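**Q** The amino acid sequence is not available; the structure is as follows:
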């Protein structure tokens, strides 16, 4: 799948506000017959360029399923999903893989770090998949670690770092390729309250900084969760109730 040209990106940047993520009447059903589980039931969601959004809801409300669809790990059973204007239902497996590689960044609750490799090597991993030259990988990796407050820790392995620093390393890995959309699946779920707030503040700061540095890029962050103390750090909320999306207030979703 070809990446949008610079002229296309400039045109999109001029169209304000531009919706990068759109779910329209999305339904997801696992299984069939009497044992079928309806994880999502007609969800509508719109996230605009530059937004920082929390998808909130109780356990089992469909937050992770929605994130898996937005991240192109799963396809909806019914309804439409469009990313940067591209209809996801028309993409094959390889196209979805290339889209994740070039446009999306992921932060996981369980960190998903390589235990025996250094912080810099962990952060460089997405760039290896993209075929980035070693010298450029190192430059971008060090810059990403500095952005999350881990300058000077590039030679430490994940086992030598605290949980909060491991999550910062995971965030650095997610942003090193400068994705158009950063997806964080309960990034504070395995952390204590104080560290959780620090991580959410870090994500918010990255969102603001990137919007200021390059307002036309449409960088945005989206994080599901159920911890009110962490969601308070996020300006916009989309809540899942009974596996349906609804909005708390006007903003970058519907």
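**A** Yes, it's here. What you see is a predicted model; the values in this text were computed from it and never measured.

**Q** helices or strands next to the helix or strand hosting residue 165 in the packing?
**A** Following DSSP states H and E, one finds residue 165 within helix 163-175. The criterion is 3 or more CB pairs under 8 Å, 6 or more residues apart in numbering; DSSP states H and E, and the helices and strands that helix 163-175 contacts are strand 104-108, helix 119-129, helix 134-147, strand 181-185, helix 193-213. Heads up, the C-betas are built off the backbone N, CA and C, glycines and all.

**Q** mind running it again at 7 Å?
**A** Other helices and strands packing on helix 163-175, by 3 or more CB pairs under 7 Å, 6 or more residues apart in numbering; DSSP states H and E, are strand 104-108, helix 119-129, helix 134-147, helix 193-213.

**Q** buried ones in the longest one?
**A** This means helix 193-213. The neighbour-count check on helix 193-213 (16 or more other CB atoms under 10 Å) flags 195-200, 202-204, 206-207, 210-211 as buried.

**Q** which other helices and strands contact whichever helix or strand residue 67 is part of?
**A** Under the criterion of DSSP H and E, residue 67 resides in helix 63-70. Contacts defined by 3+ CB pairs under 7 Å, 6+ apart place helix 63-70 against strand 19-30, strand 37-48, strand 181-185, strand 220-225.

**Q** Quickly compare the ones you listed and say which is most buried.
**A** strand 220-225 (a mean of 26; mean count of other CB atoms under 10 Å).

**Q** Tell me where the model's unsure across the stretch 101-250 of the chain.
**A** 210-250 (pLDDT under 70).

**Q** redo that, cut-off 50
**A** Along the stretch 101-250 of the chain, segments meeting pLDDT under 50 span 212-218, 226, 229-231, 233, 237, 241-242, 246-250.

**Q** can you redo the buried residues of helix 193-213 as a markdown table with distance to residue 169?
**A** A markdown table is the format used below for the buried residues of helix 193-213 (distance: CB to CB, whole Å):
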| residue | distance to residue 169 |
| --- | --- |
| 195 | 13 |
| 196 | 16 |
| 197 | 18 |
| 198 | 14 |
| 199 | 11 |
| 200 | 16 |
| 202 | 12 |
| 203 | 14 |
| 204 | 18 |
| 206 | 14 |
| 207 | 19 |
| 210 | 19 |
| 211 | 23 |
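
**Q** Nearest to residue 107 among those?
**A** Relative to residue 107, the closest of the buried residues of helix 193-213 is residue 203; by CB to CB it sits at 7.9 Å.

**Q** Closest to the centroid, which residue in the chain?
**A** The chain has residue 183 as the residue nearest its centroid, 1.0 Å off, counting by CA atoms, centre = their mean.

**Q** check contacts around it.
**A** Contacts for residue 183 were tallied using CB atoms under 7 Å, 6 or more residues apart in numbering; they are 67, 70, 71, 104, 106, 222.

**Q** Using CSV, lay out these together with distance to residue 166.
**A** Listed next are these as CSV, based on distance: CB to CB, whole Å:
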residue, distance to residue 166
67, 21
70, 24
71, 21
104, 21
106, 15
222, 21
